[in-house]
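Peer 1: Pasting the sequence and the predicted model now:
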Amino acid sequence: MYQYSLIETLINKLKLESDINKISIIDSLKIIINMDEYYKILENYSNPTEEEQYIIKMYTSKEAKIKNILSDNYFSNIFSNIFFLLNNPYDIDDIKFDIFYTNYSLLKDVHLILIKKYEKIINSDLHKFYNIDLINKWIYTIEQKPMKKDEYYKLSKLGLEEKDIKWKKYNEIWKLYNSECLKFKTYLLKLRDFYQSKNIPITGCYNISKELYEHCIEANIGIKLDIIKLENWALRKLDKLVSRMKSLILKINPKINKKLNVIQMLNQINKDQKFKTKEEFIDDYKNKIKKYKNYFIKELQFPHFTESNLVIFDDENLGGAYYGDNNFYLNTANIKNSYKYTTESLVLHETIPGHHTQVHSTKYLEMDNNLLYQYFSEITNGFVEGWGLFSEKLGHNQTEWDIIGQIEFNMLRTLRVVVDIRIHYKGYTVDQIYNYMKDYLSMSEMELKTEIYRYVCLPGQAVSYKVGSVIYKKILRKNNIKYYLDPKAIEIYKEIIKCGPMPLKFLVKKYDINTDEIFK
């Protein structure tokens with residue numbers, strides 16, 4: 001029997017970081033390098049709590065181990081996680097960069113760990129999870145360019161001598177990082193030859209087993225649900241959202257042909273909502289961030305500990321926006337197809353009161369299991385992404401266009417439930433999914449295809465948004481609250497933020513929500 005709790009045992013055995021504010025990519029590397037020991041600790045742990053028991057089950061099952069083998073791909077991998085650190089000027093001045101520099105030799109031979117995974121994949125039926133398109137995306141995205149020196153020096157608040165020291169360290173790390181990427185690219189080129197000989201139009205869990213997808217759903221949401229009921233529920237919700245969107249469009253312009261589909265109707269009236277310049281695009285986000293900081297922090301007294309950095313990047317292979325630790329990453333790659341009416345929803349979701357508020361509350365407030373769930377964060381996706389989506393409903397003094405943006409993003413997250421299930425549970429192809437989604441979203445073909453490939457690479461993750469969001473809505477209804485910004489609702493939000501994150505399994509238990517109510 002170990003003398004420590006599960007998380008303390010892992011920290012001691014694998015020499016992981018015990019300060020939640022210092023957990024970094026280095027800790028992920030240590031786990032990846034010591035995966036056999038990691039499983040051994042989990043499987044042999046005695047007298048677990050209810051939360052620990054659930055974690056052990058979700059991370060050591062047969063399906064969990066298969067999922068781990070398949071977990072590194074072009075969209076989500078250890079190299080891209082490191083790149084987000086090395087491509088962000090703000091992160092170079094953070095203590096996590098210093099921790100990374102002290103341990104960056106762990107990068108050596110990371111490419112061999114990935115090769116070992118893919119050798120297991122191609123020597124079994126697991127190879128059917130991917131196809132040539134996804135391997136080509138790996139090859140295309142594996143090489144990245146380093147940060148520009150003047151970009152770092154311009155944004156850093158350190159003195160010149162300290163900047164010089166940091167920049168020297170950065171170049172040392174980049175040299176090894178880039179070398180590992182190039183070594184893995186050499187392997188990917190050989191892997192492409194393997195997949196070139198295979199005809200795999202259908203990808204994902206469908207080619208492996210339904211049990212694998214059922215695990216992926218629960219692993220991301222933190223609650224077990226009936227998948228067919230979930231799809232039917234999402235389809236009903238989608239119909240309601242389409243109807244509401246059409247009503248708003250007709251309110252803005254009553255003369256529009258009602259026989260058009262919702263996107264055709266929207267395209268008739270949204271031309272003035274396009275951004276003319278990159279500067280206008282960025283300024284709009286800055287203004288909305290300021291608006292909601294004033295509203296939620298100053299007026300409503302939501303918890304707040306530090307400012308979020310706005311990091312501008314340009315990558316056509318990634319989506320529009322992300323939040324990571326203390327950074328709101330805003331992608332300018334597809335600015336020509338971006339619309340002003342989506343700004344508010346993205347800001348609410350990614351910054352305040354969404355991810356920035358929730359993530360930093362986790363790191364600065366005393367919570368029973370915050371360190372535990374920092375290391376086992378996947379099963380809290382339903383809580384975290386659900387809160388992000390639910391936050392989009394908390395807009396203040398919004399225009400009709402802002403509401404249209406909120407509905408469109410809600411439609412996207414609802415569509416995600418349907419298409420994720422159809423890819424991984426029913427065997428739909430990328431083209432079938434694209435032809436289905438294009439009638440519901442005003443995204444370009446490139447954006448939509450990027451979304452779809454994301455779903456293939458991360459089975460179950462896209463479902464967590466909508467399911468998590470509806471749980472928060474059920475909590476309000478349980479307390480007879482109908483208005484999202486009701487003072488009673490605000491107090492519930494603060495309580496939820498302060499007690500999370502957790503798998504939805506434990507959130508519904510805390511608020512006495514019957515999971516069957518989700519489908520009503």
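Peer 2: Good, I have the coordinates. Numbers count the residues shown, from 1 in each chain.
Peer 1: For the longest helix anywhere in the chain, name the packing helices and strands.
Peer 2: When the chain is scanned for its longest helix (criterion: DSSP state H), the result is helix 160-196. Helices and strands touching helix 160-196, by 3 or more Cβ pairs under 8 Å, 6 or more residues apart in numbering; DSSP states H and E, are helix 78-86, helix 95-103, helix 110-122, helix 132-141, helix 149-155. In this view, the C-beta of every residue, glycine as well, is placed from N, C-alpha and C.
Peer 1: any idea of the pLDDT on Q3?
Peer 2: Q3 is assigned 50 on the pLDDT scale.
Peer 1: next one: E218
Peer 2: E218 carries a pLDDT value of 97.
Peer 1: Also compute the angle for the longest helix of the chain relative to helix 78-86, please.
Peer 2: Put simply, helix 160-196 runs at 160 degrees to helix 78-86, going by axes from the mean of the first three to the mean of the last three Cα atoms, to 10 degrees.
Peer 1: Residues in contact with the following helix or strand past helix 160-196: which ones?
Peer 2: As assigned by DSSP states H and E, the chain's next helix or strand after helix 160-196 is helix 210-221. Outside helix 210-221, the residues within contact range by Cβ atoms under 8 Å, 6 or more residues apart in numbering are 58, 61, 63-64, 66-67, 204-206, 224-225, 227, 230, 378-379, 381-382, 424-425, 459-461, 463-464, 467-468, 503-504.
Peer 1: Show me which positions of helix 210-221 end up buried.
Peer 2: Using 16 or more other Cβ atoms under 10 Å as the test for burial, helix 210-221 gives L212, Y213, E214, H215, C216, I217, E218, A219, N220, I221.
Peer 1: follow-up on the earlier one: out of the helices and strands packed on helix 160-196, nearest to L182?
Peer 2: Among the helices and strands packed on helix 160-196, helix 110-122 comes nearest to L182, with 8.6 Å by Cβ to Cβ.
Peer 1: From the chain's centroid, how far away is the closest one?
Peer 2: Its chain's C-alpha centre and that of helix 110-122 lie 24 Å apart, by Cα atoms, centre = their mean, to the nearest Å.
Peer 1: mean confidence for that helix?
Peer 2: Mean per-residue pLDDT for helix 110-122: 97.
Peer 1: Specify the angle between that helix and helix 78-86 in degrees.
Peer 2: Calculated by the same axes, to 10 degrees, helix 110-122 forms an angle of 150 degrees with helix 78-86.
Peer 1: can I get the CA coordinates of helix 110-122 in PDB?
Peer 2: The C-alpha coordinates for helix 110-122 follow below in PDB (Å, rounded to 0.1, in the frame of the first residue of the first chain):
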ATOM      1  CA  VAL A 110      10.800  11.900 -28.300                       C
ATOM      2  CA  HIS A 111      10.500  11.000 -32.000                       C
ATOM      3  CA  LEU A 112      11.400   7.400 -31.000                       C
ATOM      4  CA  ILE A 113       8.400   7.300 -28.600                       C
ATOM      5  CA  LEU A 114       6.100   8.400 -31.400                       C
ATOM      6  CA  ILE A 115       7.600   6.000 -33.900                       C
ATOM      7  CA  LYS A 116       7.100   3.200 -31.300                       C
ATOM      8  CA  LYS A 117       3.400   4.100 -31.100                       C
ATOM      9  CA  TYR A 118       2.900   4.200 -34.900                       C
ATOM     10  CA  GLU A 119       4.700   0.900 -35.300                       C
ATOM     11  CA  LYS A 120       2.100  -0.600 -33.000                       C
ATOM     12  CA  ILE A 121      -0.600   1.100 -35.100                       C
ATOM     13  CA  ILE A 122       0.500  -0.100 -38.500                       C
END
